[in-house]
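K.L.:
no sequence on this one, just coordinates:
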């Protein structure tokens with residue numbers, strides 16, 4: 001049986017709000033490194049237009065809202081999957097992988113590559129060996145080229 005279009009719209013809304021929540025949590029946690037990169041220093045938290053605590057609160061409230069609405073309106077399995085994706089992005093990717101391993105590039109590349117032509121200032125500073133590898137790989141490989149140009153999410 002086809003999904004009711006209203007419920008489909010609610011599901012899309014919940015996923016979009018959950019993605020926004022993940023972005024707010026990411027910007028809260030990464031404000032220190034975002035302030036150092038030319039590409040990200042103008043974002044609201046590192047630029048001082050939004051306080052870190054406000055970004056954290058927004059991220060948590062939007063996460064709870066999107067998951068609860070998904071559970072009530074659609075089903076709790078979908079809500080659980082949404083909660084998992086938010087937690088995975090905010091905790092596993094943002095708090096752990098990005099700062100502790102070059103695997104952040106693999107995860108970011110799988111989740112969605114960002115602008116072509118970007119040289120990855122963070123990687124040049126914090127992962128010089130990875131940057132060396134990027135220099136010898138052919139361009140245009142998306143997440144598969146280990147990141148220097150395409151490999152991390154635009155919310156980074």
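P.N.:
Nice, thanks for sending it over. It should be emphasised that the depicted structure is a prediction, and the values quoted were computed from it without experimental measurement.

K.L.:
what residues does stretch 55-64 touch?
P.N.:
Residues lying outside stretch 55-64 but in contact with it, judged by C-beta atoms under 8 Å, 6 or more residues apart in numbering, are 17-18, 20-25, 27-28, 31, 44-45, 83, 86, 90. (C-beta placed from N, C-alpha, C; glycine too.)

K.L.:
buried stuff in it?
P.N.:
The neighbour-count check on stretch 55-64 (16 or more other C-beta atoms under 10 Å) flags 55, 56, 58, 59, 60, 62, 63 as buried.

K.L.:
again, but for stretch 61-75
P.N.:
Buried-residue list, stretch 61-75, by 16+ other C-beta under 10 Å: 62, 63, 66, 67, 69, 70, 71, 73, 74.

K.L.:
same deal with stretch 89-103?
P.N.:
89, 90, 93, 94, 97, 98, 102.

K.L.:
just give me the closest of those to residue 9.
P.N.:
residue 89 (23.1 Å; C-beta to C-beta).

K.L.:
tell me the SS of residue 2?
P.N.:
coil (DSSP: H, G, I helix; E, B strand; the rest coil).

K.L.:
count of neighbours near it?
P.N.:
5 (other C-beta atoms under 10 Å).

K.L.:
please convert the buried residues of stretch 61-75 to TSV, extending it with secondary structure.
P.N.:
Shown next, in TSV, are the buried residues of stretch 61-75 (three-state DSSP):
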residue	secondary structure
62	helix
63	helix
66	helix
67	helix
69	helix
70	helix
71	helix
73	helix
74	coil
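
K.L.:
may I see these organised as JSON lines, with pLDDT and distance to residue 6 added?
P.N.:
Formatted as JSON lines, these follow (pLDDT from 0 to 100; distance: C-beta to C-beta, whole Å):
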{"residue": "62", "pLDDT": "98", "distance to residue 6": "21"}
{"residue": "63", "pLDDT": "98", "distance to residue 6": "23"}
{"residue": "66", "pLDDT": "98", "distance to residue 6": "17"}
{"residue": "67", "pLDDT": "98", "distance to residue 6": "19"}
{"residue": "69", "pLDDT": "98", "distance to residue 6": "13"}
{"residue": "70", "pLDDT": "98", "distance to residue 6": "14"}
{"residue": "71", "pLDDT": "98", "distance to residue 6": "16"}
{"residue": "73", "pLDDT": "97", "distance to residue 6": "9"}
{"residue": "74", "pLDDT": "96", "distance to residue 6": "11"}
